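Enquirer: below are the sequence and a predicted model; questions follow.
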Amino acid sequence: MTKTTQSSTDVQDMVAQADTGARSPKGLAGRILWVVPLCWSLFQLWYASPLPFIFNFGVLNDTEARSIHLAFAVFLAFTAYPALKHSPRDRIPLIDWLLALAGSFAAAYLFLFYTQLAGRSGAPTQMDIVVAVTGMVLLLEATRRALGPPLMVVAAVFLLYTFGGPYMPDVIAHKGASLNKAMSHLWLTTEGVFGIAVGVSTSFVFLFVLFGAMLERAGAGAYFIKVAFSLLGHMRGGPAKAAVVASGLSGLVSGSSIANVVTTGTFTIPLMKKVGFPGTKAGAVEVAASTNGQLTPPIMGAAAFLMVEYVGISYVEVIKAALLPALISYIALIYIVHLEACKAGMSGLERRYKPTLAQSLLSFCGTILGLIVVSAAVYYGVGWTKDVFGAAATPMIAAVIMIAYVALIKLAADYQDHALEDPNADITEVPDPGPTMKSGLYFLLPIVVLVWCLTVERFSPGLSAFWATVFMIFILLTQRPLLALFNKEKTLAEAGKEGVVDLLESLVSGARNMIGIGVATAAAGIVVGVVTLTGIGLVMTEFVEFISGGNIILMLLFTALISLILGMGLPTTANYIVVSTLMAPVIVTLGAQHGLIIPLIAVHLFVFYFGILADDTPPVGLAAFAAAAIARSDPIRTGIQGFTYDIRTAILPFMFIFNTQLLMMNIDSWWHLMLTVSSAIIAMLTFSAATQGWWFTKTKWWEIAALLLITFSLFRPGFWWDMVYPPKHEMPGTLITDAADKLAIGQPLELQVSGENLEGKFVSKHVLLPFDERAVSADERIDSTGLMLRQDGEKMIVDMVEFGSPAEQAGIDFDWEITTVSLPAVRPMKEWVFIPTLLVLGALGWNQRRRAKKLGHIK
């Protein structure tokens, strides 16, 4: 066996161990391990479809569906993943069959005995507790097999904390819980294992992962790689730039960073080495690009769907908030690759065609903005049909998509020679982008369907993914027969048989890709359940405030460190669930107490970003090990180099915590949007130049300092502007009526309140209270917030708080004092800071170019 073959085998084995299970038994066991995932996929499609309600058969509530979902995941975790490294992989031992059956029964217990359990809620029988304990132990073992020890250890520590509360140090002590209470809470209700996380995995994540598996099986992954390469391969360090773009596009297909590395890396890493990248840097570029693939909407490593539930906003709003950071992160990585190529004096691969101006522009901009354009075209280009034609618009658009599909298949049939059938094929020159793009344009249609369902039809993410998956099923069954019909290379029968095989294999691979996610969300649910059972969330607030001294930056650094440490062993989804459950409420609460209103989505994205960064953090970043195996480089050095490339991603969360415009919030016009996007891109490119120590030529220390200062000023112009123009006009609480009268419609009432909480502790915090837009007078506006006030001398006291009102939701209690009321100050827009900042940047650029010409780096 050659080194290359050995390396490929090692990498595929790594992917199997991490994502799909390392076992491939023969005979009956192999058929069972194929049929069970197939049944899981069919069950999920049935549950997501309207069919149960149409036929009034097989209708399941959320709890029953979660139970069946976890039963499949646990069964496959024991059968697909060996217990130990030396355990057999070509057969399944009897003990694993028994554990799989026992674990799946315990998981399915809520479905099998749903009516009886509902009838004795809060009073479990001995059988209930035995099943719950058995299920908990087997879930921890399934977690260890599928994901390694770290998540199992974290969940086990929280379980021990549940029972050992009275014996803990005072700062984290609690009264403890009995075995009956703990197991009932964690296993027999939807507060623990079968909570929101497994619910999201059942309703949304499975279908998106299945959608991605079908796209991959259809050939979309290979198509995206080839298109990116055809557009960017001729540039300096072109294969590396193509790797970045291809990995971003593969984020649509895969929510797994290690699978992303292998899918694109087997093709791009050898090409990067060919144009001059050392193995360490070639692997690191792929690692940085692939881990950031999880930032790319719509899949985002399953975290987007969890944010919908945890934050309480729509899926479209989550995507909107995540879009700009993902975009500028990828643009910056392309620029980092460009700087690396410039430093080493590299060139791209040759191309056999002379590009037109349009192709040159397309290669620079189109690969970054393509999906945004597709989404905008769907929303604005055909979205109007919904208003004009009403219910008839949907079948009309469906018909148009079918016609477009057949036409694009006919077009693709003429260019199949340009389709990338073998990603490992030796490529010495850049293919022509025109024919390459035409060879698979129909792969964009499922994305069109997904965007239409999400943004125009306003379907739930689960239903949107269902219809996109149904369309992918149609493509898998018909693309080969239609291509055979148009190019006459195969008979329709042969092509049709291949299409059926593609469909079945994609259903199986999609389910096997979900084993780890299904088990991870269940195990993370243990942590969530313990937090709700023991009240450790309140303890964490005090603990973090004590460590950080109330300093928001220190608090964020502490959170980032926890995410990185846990993320070294936990998959991104589980890491996000654990850290966001513990830390998100803490940051929001403590931020409010110190006058900083932090949107909950910003905190959740902060945690998510650092969970992703852990995928290439040495010493255990699996993505780095996979890339190093392909590049035949040192995995630790590859991981460290990848992390240095990812520093640009690490500063973004800190920036959007303090400047929510980066999350598309508080933007009031198109030109304001363009200003925000362009300044963010310039800031990130400037930061990349500073951290790489190269712009037009090697940067000096004072230039690096200046570039970092420019980066900060572009990302946070308000920091300087607030020194010149205070952002708020503060008044004593007794003037709340005057303040309410001056507020514009849509502006919340901003208050600083203080008083004793139910635990008898003094609290002071900042709150925003929205008022009813129909309220005209100042008194009506205050009443609509739920506040009933009385003036006591020089103090404004809260006499009563209306139940369910904005004031009650903000945590205000009676007898609290309204210490200050804030009104937005009338001041020039903070973006005026950009003018002197860009002038300084221009001067630095001029000086750099002058030096670069003198040194011969540019002509």
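Expert: Structure received. Numbers count the residues shown, from 1 in each chain.

Enquirer: low-confidence bits of the stretch 301-450 of the chain, can you list those?
Expert: 301-302, 347-390, 417-429 (pLDDT under 70).

Enquirer: which parts of it are strands?
Expert: For the stretch 301-450 of the chain, strands defined by DSSP state E, counting those that start in this stretch occupy the ranges 350-351, 429-430.

Enquirer: so who does I409 touch?
Expert: By CB atoms under 8 Å, 6 or more residues apart in numbering, the contact set of I409 is 442, 478-479, 482-483, 486. The C-beta positions use only the backbone N, C-alpha and C, and glycine is treated the same way.

Enquirer: no, scratch that, I was asking about A108
Expert: A108 makes contacts with 67-68, 70-71, as judged by CB under 8 Å, 6+ apart.

Enquirer: try it again with 10 Å
Expert: 64, 67-72, 74-75, 135 (CB atoms under 10 Å, 6 or more residues apart in numbering).

Enquirer: in helices, which of those residues appear?
Expert: Among the contacts of A108, the members found in helices (DSSP state H) are 64, 67-72, 74-75, 135.

Enquirer: filter the residues you listed to the buried ones?
Expert: Burial by neighbour count, 16 or more other CB atoms under 10 Å: within the ones in helices among the contacts of A108 this picks out 64, 67-72, 74-75, 135.

Enquirer: which one among those residues gets closest to W832?
Expert: Comparing these against W832 with CB to CB picks out H69 as the nearest, at 53.3 Å.

Enquirer: okay, and for the stretch 751-859 of the chain, where does confidence drop off?
Expert: Along the stretch 751-859 of the chain, the parts satisfying pLDDT under 70 run over 857-859.

Enquirer: among the contacts of A108, give me the pair with the biggest separation.
Expert: Within the contacts of A108, E64 and F75 form the most distant pair, 16.8 Å apart (CB to CB).

Enquirer: all strands of the chain, in order?
Expert: Using DSSP state E, the strands of the chain run over 350-351, 429-430, 728-732, 749-756, 762-769, 787-792, 795-801, 817-824.

Enquirer: what residues does the last one touch?
Expert: So the one you mean is strand 817-824. If you take CB under 10 Å, 6+ apart as the criterion, strand 817-824 is touched by 595, 727-740, 742-744, 747, 749-755, 764, 766-768, 787, 789, 792, 795-798, 812.

Enquirer: among those, name the buried ones.
Expert: Buried subset of these (neighbour count, 16+ other CB under 10 Å): 733-737, 739-740, 743, 749-753, 755, 766-767, 787, 789, 796-798, 812.

Enquirer: dump the residue contacts of F305.
Expert: Taking CB under 10 Å, 6+ apart, we find F305 in contact with 197, 199-201, 203-205, 207-208, 298-299, 315, 318, 461-462, 465, 573.

Enquirer: for it, give its distance to I196.
Expert: Going from F305 to I196 by CB to CB, to the nearest Å gives 10 Å.

Enquirer: same check, this time on P52
Expert: Using CB to CB, one gets 22 Å for the distance from P52 to I196.

Enquirer: neighbour count for those two, which is higher?
Expert: I196 (19 against 14; other CB atoms under 10 Å).

Enquirer: next, the contact list for that one, please.
Expert: I196 makes contact with 66, 190, 306, 308-310, 521, 525, 528, 577, 581, according to CB under 10 Å, 6+ apart.

Enquirer: surely M272 and V285 touch.
Expert: Yes. Under the criterion of CB atoms under 10 Å, M272 makes contact with V285 at 6.5 Å.

Enquirer: so for M300, what's the pLDDT?
Expert: As predicted, M300 sits at a pLDDT of 61.

Enquirer: surely A332 and R648 touch.
Expert: Yes. A332 lies in contact with R648 (CB under 10 Å); the separation is 4.7 Å.

Enquirer: need the residues touching each of these two.
Expert: Taking CB under 10 Å, 6+ apart as the contact rule, A332 and R648 both touch 292, 684-685, 687-688, 691.

Enquirer: domains for this structure, by residue range?
Expert: 3-148, 199-516, 680-725+830-859, 728-826 (automatic domain parsing).

Enquirer: from the chain's centre, how far out does the first one sit?
Expert: Going back to what we said before, that points to domain 3-148. Relative to the mean C-alpha coordinate of its chain, domain 3-148 is positioned 24 Å out (CA atoms, centre = their mean, to the nearest Å).

Enquirer: now do it, average pLDDT.
Expert: For domain 3-148, the per-residue pLDDT averages 86.

Enquirer: of the contacts of I196, keep whichever come out buried.
Expert: Among these, those classed as buried by 16+ other CB under 10 Å are 66, 190, 306, 308, 310, 521, 525, 528, 577, 581.

Enquirer: need the residues you listed in a markdown table with distance to M472, can you?
Expert: What follows is the buried ones among the contacts of I196, written out as a markdown table (distance: CB to CB, whole Å):
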| residue | distance to M472 |
| --- | --- |
| R66 | 25 |
| T190 | 31 |
| L306 | 23 |
| V308 | 22 |
| Y310 | 28 |
| T521 | 24 |
| G525 | 30 |
| V528 | 32 |
| I577 | 28 |
| T581 | 33 |
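
Enquirer: let me know the closest of those to D634.
Expert: Set against D634, the nearest of the buried ones among the contacts of I196 by CB to CB is I577 (32.6 Å).

Enquirer: residues contacting that closest one?
Expert: By CB under 10 Å, 6+ apart, I577 lies in contact with 195-197, 200, 302-303, 306, 310, 520-521, 523-525, 527-528, 570-571, 607, 611.

Enquirer: and it, how close does it get to G148?
Expert: Going from I577 to G148 by CB to CB gives 17 Å.

Enquirer: helices along the stretch 401-550 of the chain, start to end?
Expert: 433-438, 444-451, 461-487, 492-513, 515-534, 536-548 (DSSP state H, counting those that start in this stretch).

Enquirer: and the longest helix for the protein?
Expert: Using DSSP H to define each element, the chain has its longest helix at helix 315-344.

Enquirer: now do that helix against helix 444-451, angle only.
Expert: Angle, helix 315-344 to helix 444-451, by axes from the mean of the first three to the mean of the last three CA atoms, to 10 degrees: 140 degrees.

Enquirer: roughly how far out does helix 315-344 sit from the chain middle?
Expert: Worked out by CA atoms, centre = their mean, helix 315-344 lies 14 Å from the chain centre.

Enquirer: and the angle for it with helix 461-487?
Expert: Angle of helix 315-344 versus helix 461-487, following the same axes, to 10 degrees, is 60 degrees.

Enquirer: mind listing what's buried along helix 315-344?
Expert: Buried-residue list, helix 315-344, by 16+ other CB under 10 Å: 315-342.

Enquirer: ok, now which ones touch the nearest residue to A650 once chain neighbours are set aside?
Expert: In this structure, A650 finds its nearest non-sequential neighbour in L613, 6.0 Å apart by CB to CB, 6 or more residues apart in numbering. L613 is in contact with 288, 291-292, 560, 563-564, 567, 572, 621, 642-643, 646-647, 649-650, 653, counting by CB under 10 Å, 6+ apart.
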